[in-house]
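In: For reference, the sequence and a predicted model appear below.
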Amino acid sequence: MFSRGLFSGFAVVAFFVVAPRGLQGQEQTREGRAITGGVKRLVNIDGDKIAIKGYDPVAYFRQHKPMKGSSEHQVTFGGAIFYFASVENQKLFEQDPPNYAPQFGGFCGWAASQNYVYPGDPEIWQIQNGRLILNAAKSAQEKYNADPAGNLIKADGNWPGLVEKKGSSVP
C-alpha cells in the first residue's frame, strides 16, 4: 500500500493563483465550460514558487521525457513559475498553458484519485488523454495504472473538493 509518510521530508506549499487573462472572474474546464464566481486553486510549488521542481512541462509532450528547465526560460502561470529547457518550449507553453501544466496542480494523480493531496514526482509521469499526470512514487503509479481511466475519473471528481478544502480563494 502507498504510504503517505514516504516523502514526509518534502514541503508542500498550497498557493492561490489568478485566472488567466481574458477569463475575468471565470475559469474554463478542459472541456471549455465556464466556472463562474471566485476561483480556488491548489498548486504544488516549492518555497520559491517553482512548479514541478524546475522540470519543463512541455518536454513531456514534445521530447517525451522529463527535462530540467532553466531559469533563463521561465513563465509564471497560475501563481507558479515554470522553467523550460528551450525558448521553443517556453513559447509553446505561453500559447496554451493549461494544455501543458500538470494536472491536479502537480500533485500525485493516485493520491487525488484516493481523495488526498501528495506531491507528485516529476520523474514519475505519464500522458493520459493529452494530460500530464505526475505520481509520487512508482508504487503509486502502478496502483493508478491498474485502472487508469477509472482513477482519472475519480481524481477529476475528487479534485474540486480537495481544492475547496485545501486551496486558496482568488476573487
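Out: Noted; the coordinates are in hand. Numbering: from 1, shown residues only.

In: Just the element for Asn151, please.
Out: helix 148-166 (DSSP states H and E).

In: what's the spacing between that helix and its chain's center?
Out: Taking CA atoms, centre = their mean, to the nearest Å, one finds the center of helix 148-166 at 12 Å from the center of the full chain.

In: Just the buried positions in stretch 119-131, please.
Out: By neighbour count with 16 or more other CB atoms under 10 Å, stretch 119-131 contains the buried residues 119-122, 124-125, 128, 131. Heads up, the C-betas are built off the backbone N, CA and C, glycines and all.

In: and those residues, which two are the farthest apart?
Out: Using CB to CB, the buried residues of stretch 119-131 span at most 18.8 Å, a distance reached by Pro119 and Gln128.

In: returning to that earlier point: the buried residues of stretch 119-131 in helices, which ones?
Out: Of the buried residues of stretch 119-131, none are assigned to helices by DSSP state H.

In: Report the contact partners of the closest residue to Asn129 other than its chain neighbours.
Out: Spatial nearest neighbour of Asn129, excluding adjacent residues (CB to CB, 6 or more residues apart in numbering): Leu152 at 7.0 Å. Neighbouring residues of Leu152 by CB atoms under 8 Å, 6 or more residues apart in numbering: 109, 113, 128-129, 131, 133.

In: Using TSV, lay out those together with pLDDT.
Out: Formatted as TSV, the contacts of Leu152 follow (pLDDT from 0 to 100):
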residue	pLDDT
Gly109	98
Ser113	98
Gln128	98
Asn129	97
Arg131	98
Ile133	98
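
In: Farthest-apart pair in those residues, please.
Out: The most widely separated members of the contacts of Leu152 are Ser113 and Asn129, with 14.3 Å between them, by CB to CB.
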